[in-house]
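A.B. asks: Prediction below, plus the sequence it came from.
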Amino acid sequence: MNYVLKEFVDILTKPKNLFKIPNMLLVVLSYGLCKITRRNITLGYPFLMMIEPTNICNLRCPLCITGSKLMTREDGLMGLDNFKRLIDEMGRYLVHLTLWSQGEPFVNRQFVEMVRYASDRGIKTMTSTNGHFLIENAENIVRSGLSTLIIAVDGASQETYEKYRVNGKFEKVYKGMLAVTEAKKKLKSKTPVIELQFIVMKHNEHEFDAIRQLAHECGVQVLSFKTAQVYTDDQAEEFLPKNEKYRRYELDDTGHFKTRLEEVNFCRWVLLCPVVNWDGTVSPCCFDKNAEYPLGNIFSDGGMRQIWKNENYAKFRKQIFTKRKEIPICTNCSEGLEVEVFEKEEINSELFNIKNTNESVAV
Ligand code: SF4
């Protein structure tokens with residue numbers, strides 16, 4: 001069965017999620033109404049959410065605004081108490097939580113506790129990491145109930161890897177993946193599903209077979225090939241791969257890049273999944289990296305439910321439905337692209353079939 005479909009069935013069949021279904025239906029209904037009428041109609045509350053544990057990172061990746069020091073927001077960490085406040089408000093609706101935005105989640109030492117708090121409420125959790133903190137956290141990650149662990153590895157050797165993951169240690173990430181796989185075996189847990197994510201770039205596009213081999217060795221279940229986001233013509237020239245299948249941009253004869261957008265005046269994220277930054281600011285999506293379009297703050301503006309239906313969100317959605325091209329972040333994002341952002345391969349699928357589920361693992 002398709003991996004995403006499997007996840008969906010798994011979410012809906014968890015007893016703790018059954019009473020969340022009426023709200024999900026309301027959100028799906030308002031999504032459909034917005035798509036047809038192009039008006040802001042918000043019934044229900046988000047059942048998906050992205051939360052940023054921190055915007056700080058240990059690496060210096062050149063296409064990331066944290067890594068390249070272009071982040072204009074203050075550096076910081078979300079406190080566990082604030083995280084719990086948010087989950088206490090939204091836990092009755094949430095079925096899936098994405099735990100990252102900018103920054104490396106494991107830099108926040110309370111991160112694993114956050115995952116556990118959400119998992120205990122039946123919420124599926126997914127995070128994405130550069131893999132440098134896995135060795136010391138392996139067993140706790142498995143015990144936390146984390147559903148999906150995405151590990152970014154954009155090279156099959158130190159030499160290729162460090163061209164993009166500046167300051168990164170390939171061997172540490174490799175051993176970290178093995179450590180989580182070993183911890184899953186030891187604790188007889190089928191979660192987290194480990195997804196190795198490979199951003200396809202000019203300097204690594206020859207390594208598809210090598211990364212497949214690496215994924216097998218490390219007990220990974222899903223391998224995803226992702227397209228890169230660039231911001232300047234120079235970056236396009238330096239990083240975009242030759243293989244056009246893995247480019248979300250067209251290059252004209254003079255080397256200027258343009259996003260390959262198919263659908264312009266729509267966006268599912270503003271109707272489905274708010275982003276809460278570490279300081280409580282709500283952004284429309286993870287492309288608003290510097291929170292230039294703040295929609296409210298969950299700690300000072302009445303909480304997430306109030307913000308979801310406030311005037312700022314309504315105005316932003318209306319602009320998306322009518323003049324998306326006028327919003328700078330929306331002209332260089334992955335929503336409505338004519339190419340797939342990810343290409344996923346399921347591997348080591350026997351590891352999905354371990355009998356004991358994570359819910360039975362003692363904390
Ligand atoms: S940047 Fe993209 S994902 Fe974000 S609100 Fe705009 S269209 Fe939606």
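C.D. replies: Perfect, thanks for sending it.

A.B. asks: Tell me the confidence at the residue lying closest to R116 once chain neighbours are set aside?
C.D. replies: Nearest non-adjacent residue to R116, counting by C-beta to C-beta, 6 or more residues apart in numbering: S144, 4.5 Å away. For glycine as for every other residue, the C-beta is placed from the backbone atoms N, C-alpha and C. We have a pLDDT of 98 for S144.

A.B. asks: Hmm, S144 is touching A118, no?
C.D. replies: No - S144 is beyond contact range of A118, at 9.1 Å (criterion: C-beta atoms under 8 Å).

A.B. asks: The residue nearest to R116: how many residues sit nearby?
C.D. replies: 26 (other C-beta atoms under 10 Å).

A.B. asks: what do you get for the one 3 residues further on?
C.D. replies: Counted with other C-beta under 10 Å, the neighbours of S147 add up to 23.

A.B. asks: now it: how far from V95?
C.D. replies: 11 Å (C-beta to C-beta, to the nearest Å).

A.B. asks: what's the residue nearest to R116 in contact with, if anything?
C.D. replies: Shown in contact with S144 (C-beta atoms under 8 Å, 6 or more residues apart in numbering): V112, E113, V115, R116, S119, T125, V363.

A.B. asks: In three-state terms, how would the first one be classified?
C.D. replies: Of the three states, V112 takes helix according to DSSP: H, G, I helix; E, B strand; the rest coil.

A.B. asks: what's near enough to touch it?
C.D. replies: N137, N140, I141, S144.

A.B. asks: does L97 sit in a helix or strand, and which one?
C.D. replies: L97 is part of strand 96-98, with elements assigned from DSSP states H and E.

A.B. asks: For that strand, give me every contacting residue.
C.D. replies: 11, 47-51, 118, 123-127, 273.

A.B. asks: Now render the contacts of V112 as CSV, adding distance to the ligand and secondary structure.
C.D. replies: Rendered in CSV, the data for those read as follows (distance: C-beta to the nearest ligand atom, whole Å; DSSP: H, G, I helix; E, B strand; the rest coil):
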residue, distance to the ligand, secondary structure
N137, 30, helix
N140, 32, helix
I141, 28, helix
S144, 28, helix
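
A.B. asks: before we move on, back to that, roughly how far is the strand holding L97 from the heart of the chain?
C.D. replies: Computed by C-alpha atoms, centre = their mean, to the nearest Å, the separation of strand 96-98 from the middle of its chain amounts to 8 Å.

A.B. asks: Around the residue in the stretch 101-250 of the chain that the ligand sits nearest to, how many other residues sit close by?
C.D. replies: Going by C-beta to the nearest ligand atom, the ligand is nearest to Q229 of the stretch 101-250 of the chain, at 10.7 Å. By other C-beta under 10 Å, the residues close to Q229 number 18.

A.B. asks: right, and it touches S334 too?
C.D. replies: Yes - using C-beta under 8 Å, Q229 makes contact with S334 at a distance of 7.5 Å.

A.B. asks: Mutual contacts of those two, please.
C.D. replies: R248.

A.B. asks: hmm, back to that, against G122, how distant is the residue nearest to R116?
C.D. replies: Distance from S144 to G122, by C-beta to C-beta: 14 Å.

A.B. asks: With K184 instead?
C.D. replies: 21 Å.

A.B. asks: Got the confidence number for H256?
C.D. replies: pLDDT, read off for H256, is 87.

A.B. asks: I figured it was touching D233, is that so?
C.D. replies: Yes - H256 lies in contact with D233 (C-beta under 8 Å); the separation is 5.8 Å.

A.B. asks: ranges for the strands of this protein?
C.D. replies: 48-51, 96-98, 124-129, 148-152, 193-200, 222-227, 249-251, 257-259, 275-276, 282-283, 342-346 (DSSP state E).

A.B. asks: Kindly reformat the ones you listed as TSV containing distance to Q306.
C.D. replies: Shown next, in TSV, are the strands of the chain (distance: least, C-beta to C-beta, whole Å):
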stretch	distance to Q306
strand 48-51	15
strand 96-98	20
strand 124-129	24
strand 148-152	30
strand 193-200	34
strand 222-227	35
strand 249-251	38
strand 257-259	33
strand 275-276	13
strand 282-283	10
strand 342-346	34
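
A.B. asks: now those strands as CSV including mean neighbour count and distance to P22?
C.D. replies: Below are these laid out as CSV (neighbours: other C-beta atoms under 10 Å; distance: least, C-beta to C-beta, whole Å):
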stretch, mean neighbour count, distance to P22
strand 48-51, 22, 16
strand 96-98, 22, 17
strand 124-129, 22, 19
strand 148-152, 23, 26
strand 193-200, 22, 28
strand 222-227, 21, 31
strand 249-251, 15, 41
strand 257-259, 17, 37
strand 275-276, 24, 24
strand 282-283, 24, 24
strand 342-346, 14, 31
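
A.B. asks: what's next to stretch 301-314, contact-wise?
C.D. replies: So stretch 301-314 is contacted by 40, 42, 45-46, 49, 86, 89-90, 270, 274, 276, 282, 284, 294-298 (C-beta under 8 Å, 6+ apart).

A.B. asks: quick one: is that stretch near the ligand?
C.D. replies: No - shown here: stretch 301-314 not in contact with the ligand (C-beta under 6 Å from any ligand atom), separated by at least 11.0 Å.

A.B. asks: Kindly report the same for stretch 282-294.
C.D. replies: Yes - using C-beta under 6 Å from any ligand atom, stretch 282-294 reaches the ligand at P284, C285, F287.

A.B. asks: buried set for stretch 136-145?
C.D. replies: The neighbour-count check on stretch 136-145 (16 or more other C-beta atoms under 10 Å) flags N137, A138, E139, N140, I141, V142, R143, S144, G145 as buried.
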